[in-house]
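*Asks:* With the sequence up front, the predicted model follows.
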Amino acid sequence: MTAEVEADMGEKGILSAAQRGLAVAVVERIIPAEGTLPAGGRVGAVEAIERELGTAPVERRRFLDGLAAVGITAWQTGDAEFIALDAAVQIQVLQAVEAAHPEFFAFLVNRTYRAYYTHPAVLAALGADLQPPQPGGHTLLPFDPSLLAKARERGPIYRRIGDEG
């Protein structure tokens, strides 16, 4: 692949507009909006997946094939595009794709959850503390050197370089 093609892919992304729309709809079916929690497609999960696909050609091929399977299965099951189907039929489509393409579906769910549950808006809606644990977070107990007594009594468990034995 030439540098120009790679740069163009980086600017435009891996997915076409239609593929991105389908991926957002699928992700929003996996994690729908509930109460104050946004849907998975609204917090950049697809964009995070797409960035990862830019560096993983094998996963890219599997993902694109799986996404195509979602589109085909939607037409076979509901005689319409996935986005146009009602929620119950969308779930049937995703269950069929999961059974036929388990590696794709596992990748999709894993990356969707990872992107969703690390997004600041989701963490804030869940009431998670967004501060790092240190230095202002959890209190650490002072170090107790007596905890190393048994290890010191045992002596080294390695051989020094140059030792004969």
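*Replies:* Now that the structure is in, tell me what you want to look at. None of the values given here were measured: they were computed from a predicted structure.

*Asks:* Tyr116 contacts Val43, correct?
*Replies:* Yes: with contacts counted by CB atoms under 8 Å, Tyr116 reaches Val43, the gap being 6.0 Å. C-beta here means a position set from N, CA and C on the backbone, and glycine is covered the same way.

*Asks:* Pull up the overlap in contacts between these two.
*Replies:* Common neighbours of Tyr116 and Val43, using CB atoms under 8 Å, 6 or more residues apart in numbering, are Val122.

*Asks:* Give me the most central residue, the chain.
*Replies:* Closest residue to the average C-alpha location of the chain: Arg111 at 1.7 Å, with CA atoms, centre = their mean.

*Asks:* export the lengthiest helix in the chain as CSV, just CAs?
*Replies:* Of all the elements of type helix in the chain, the one with the most residues (DSSP state H) is helix 57-78. Extracted in CSV, the C-alpha atoms of helix 57-78 (Å, rounded to 0.1, in the frame of the first residue of the first chain):
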residue,chain,number,x,y,z
PRO,A,57,-5.8,-5.9,8.4
VAL,A,58,-7.1,-9.4,9.4
GLU,A,59,-9.6,-7.9,11.8
ARG,A,60,-10.6,-5.3,9.1
ARG,A,61,-11.4,-8.1,6.6
ARG,A,62,-13.4,-10.1,9.2
PHE,A,63,-15.3,-6.9,10.3
LEU,A,64,-16.1,-5.8,6.8
ASP,A,65,-17.3,-9.4,5.9
GLY,A,66,-19.4,-9.5,9.1
LEU,A,67,-20.9,-6.1,8.4
ALA,A,68,-21.8,-7.3,4.9
ALA,A,69,-23.4,-10.4,6.5
VAL,A,70,-25.5,-8.2,8.7
GLY,A,71,-26.8,-6.3,5.6
ILE,A,72,-27.5,-9.5,3.7
THR,A,73,-29.2,-11.2,6.6
ALA,A,74,-31.4,-8.1,7.2
TRP,A,75,-32.6,-8.4,3.6
GLN,A,76,-33.2,-12.1,3.9
THR,A,77,-35.0,-11.9,7.2
GLY,A,78,-36.9,-8.6,7.0
